[in-house]
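> no sequence for this one, just the structure:
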Ligand SMILES: [Zn+2]
């Protein structure tokens, strides 16, 4: 719906989406970079999964179990972040990247440059 307005009146573009092409490009690169890093970390973490093949004592075993649960927690965090990044990339493809998903206010570039996968504006995040 918004696209028709943009096509007819190019000037509206900056009102609906405060990001310039250059900024979008930078954010896209940031997302790609972050995605690559996270995928590599996830791969590395998963490749280290060996279920106590060299466990000698009970003590070591419980240590490993603890390490394993930490690892799962970290992997979950990485997966969640990856999901958000994927979501942001999809929004970019659909030309829907930029506005807050809750209130529709354009998210500040300052915030996006730190957290390009942000879904909410500063105000909604603080709520
Ligand atoms: Zn908002």
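Looks like it arrived, so ask away. From a predicted model like this one, the values you see are computed outputs, not experimental measurements.
> CA atoms for contacts and neighbours, from now on please.
Will do.
> Looking at the chain, which helix is longest?
As assigned by DSSP state H, the longest helix anywhere in the chain is helix 58-93.
> Name the residues of the helix or strand following that helix that are buried.
Next along the chain after helix 58-93, taking DSSP states H and E as the criterion, comes helix 109-114. Within helix 109-114, the residues that qualify as buried are 109, 112, 113, counting by 16 or more other Cα atoms under 10 Å.
> near the ion at all, the helix or strand immediately after helix 109-114 in the chain?
Note on helix 109-114: by DSSP H and E, the next helix or strand toward the C-terminus is helix 122-126. Yes. Using Cα under 5 Å from the ion, helix 122-126 reaches the ion at residue 124.
> How about the contacts made by the residue at minimal distance from the centre of the chain?
Nearest residue to the geometric centre of the chain (Cα atoms, centre = their mean): residue 85, 2.9 Å. Neighbour list for residue 85: 31, 35, 116, 117 [criterion: Cα atoms under 8 Å, 6 or more residues apart in numbering].
> Dump these into TSV; add pLDDT, neighbour count and distance to residue 48 as well.
Below are the contacts of residue 85 laid out as TSV (pLDDT from 0 to 100; neighbours: other Cα atoms under 10 Å; distance: Cα to Cα, whole Å):
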residue	pLDDT	neighbour count	distance to residue 48
31	98	22	26
35	98	19	20
116	96	25	29
117	96	25	28
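> for those residues, which one is nearest residue 93?
residue 31 (12.7 Å; Cα to Cα).
> and residue 44, how many residues sit next to it?
11 (other Cα atoms under 10 Å).
> Can you list the helices and strands that the helix or strand encompassing residue 26 packs against?
Following DSSP H and E, one finds residue 26 within helix 21-47. Helices and strands touching helix 21-47, by 3 or more Cα pairs under 8 Å, 6 or more residues apart in numbering; DSSP states H and E, are helix 58-93, helix 109-114.
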